[in-house]
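Enquirer: model the following, please.
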Amino acid sequence: MKDKSNDSFLARSDIIWSKFLSQKLSMEDLQAFVLLRGSTLTPEEKKKVILESDNNLEGKFIVTKVSEIIRILGTTFFQEIIGQRKSV
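Expert: You can find the predicted model right below:
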């Protein structure tokens, strides 16, 4: 059973990497993706990062912009303003 799950993982991974490579993604694009994927933001916040980081609709995922938005969304101050956290 474990061999099947490993084979399944490898097959899914191969498909994903093939798509990445065919799109000629740069290391910066990959870095931005990994930053966002590894963040502790909620799925809704991650959607905001994607939309706000590409406000020119160029299909670009810029590391500095993604980092900036993650920092803003992750701050306690910002979360209190939008009502996601209550003040203590």
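Enquirer: tell me, how many residues neighbour residue 36?
Expert: Counted with other C-beta atoms under 10 Å, residues neighbouring residue 36 total 20. Where you see a C-beta, it was placed from the backbone N, CA and C, and this is true even at glycine.
Enquirer: err, residue 12, not the other one
Expert: Quick note: residue 12 (other C-beta under 10 Å) scores 10 neighbours.
Enquirer: kindly report the same for residue 21.
Expert: 9.
Enquirer: and the gap between it and residue 68?
Expert: Here the criterion is C-beta to C-beta, to the nearest Å. By it, residue 21 lies 28 Å from residue 68.
Enquirer: same deal with residue 31?
Expert: When C-beta to C-beta is applied, the distance between residue 31 and residue 68 equals 14 Å.
Enquirer: what do these two both touch?
Expert: Shared contacts of residue 31 and residue 68 (C-beta atoms under 8 Å, 6 or more residues apart in numbering): none.
Enquirer: number of nearby residues for residue 30?
Expert: Using other C-beta under 10 Å as the criterion, residue 30 is surrounded by 13 other residues.
Enquirer: state the helix or strand in which it lies.
Expert: Taking DSSP states H and E as the criterion, residue 30 maps to helix 27-38.
Enquirer: now do residue 51
Expert: helix 43-53.
Enquirer: report all helices and strands that that helix contacts.
Expert: Under the contact definition 3 or more C-beta pairs under 8 Å, 6 or more residues apart in numbering; DSSP states H and E, helix 43-53 sits against helix 27-38, helix 63-74.
Enquirer: what angle separates the first one from helix 43-53?
Expert: I take that to be helix 27-38. Between helix 27-38 and helix 43-53, the angle comes out at 150 degrees (axes from the mean of the first three to the mean of the last three C-alpha atoms, to 10 degrees).
Enquirer: just checking, what packs against helix 27-38?
Expert: helix 43-53, helix 63-74.
Enquirer: for the closest residue to residue 29 other than its chain neighbours, which three-state class applies?
Expert: With C-beta to C-beta, 6 or more residues apart in numbering as the criterion, residue 29 has its nearest non-adjacent residue at 5.1 Å, and that residue is residue 61. Using DSSP: H, G, I helix; E, B strand; the rest coil, the structure places residue 61 in coil.
Enquirer: that's all I had, so thanks and see you.
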